[in-house]
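Visitor: Dropping the sequence and predicted coords here.
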Amino acid sequence: MKIQYLLFALVLVGLSFSYGCGQPRVKFGGTVTYTDGAPVTGGAVNFDSGQYTFVGIINQDGYYAPNMGAEGAGIPEGIYRVWLTGTIIVEDKVAPDGELIPGTPIPQVANKFCNIETSGLTFEAKPGGPKEFNITVERP
């Protein structure tokens with residue numbers, strides 16, 4: 001009977017180690033601003049490590065935090081390439097007769113920041129690393 005308890009205890013210890021040995025995860029957020037300090041007021045910041053992809057929605061104050069999963073545990077550590085999407089505003093207009101006139105897309109940031117290959121932005125997520133990743137972009 002004692003051997004059964006010993007085996008059960010060993011299994012529990014093994015399970016606790018396996019749950020604790022997952023890949024470290026990092027929580028962070030930041031702001032997206034123009035070179036003059038004004039916030040970018042919409043769009044998304046994208047993070048891609050080649051294995052994982054995360055997105056943070058930019059709010060009206062320019063703040064974002066990557067989608068951290070259901071547990072909010074953070075993103076896996078690693079080096080991420082970063083770029084912006086959804087930073088185009090389309091303002092529709094209403095004609096005097098009530099007809100909707102589709103607006104013209106207006107980019108809010110320089111095009112180079114909207115492409116993973118040309119943004120020049122990277123972030124290293126690591127335990128004990130930065131808790132903020134602030135991004136400064138140029139206007140179009």
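Guide: Perfect, I can see it now.
Visitor: Over to the residue positioned nearest the centre of the chain: give its phi and psi.
Guide: The centroid of the chain falls nearest to residue 66 when counting by CA atoms, centre = their mean (2.9 Å). In terms of degrees, to the nearest 10, the main-chain angles of residue 66 are phi -60, psi 150.
Visitor: Residue 82 too?
Guide: The phi/psi pair for residue 82 (degrees, to the nearest 10) is phi -130, psi 140.
Visitor: Was I right to think it contacts residue 47?
Guide: Yes: judged on CB atoms under 8 Å, residue 82 makes contact with residue 47 at a distance of 5.6 Å. C-beta: built from backbone N, CA, C; applies to glycine.
Visitor: Quick check: neighbours shared by those two?
Guide: residue 123 (CB atoms under 8 Å, 6 or more residues apart in numbering).
Visitor: continuing past the helix or strand of the chain with the lowest mean pLDDT, what's the next helix or strand?
Guide: Sorting the helices and strands of the chain by mean pLDDT, DSSP states H and E puts helix 2-20 at the bottom, at a mean of 35. Using DSSP states H and E, the helix or strand that follows helix 2-20 in sequence is strand 25-26.
Visitor: And that following strand, how far out from the chain middle?
Guide: 12 Å (CA atoms, centre = their mean, to the nearest Å).
Visitor: could you point out which element follows that strand?
Guide: strand 30-34.
Visitor: sorry, back to before: okay but the residue nearest to the centre of the chain is in contact with residue 56, surely?
Guide: Yes: assessed by CB under 8 Å, residue 66 is found in contact with residue 56 at 4.2 Å.
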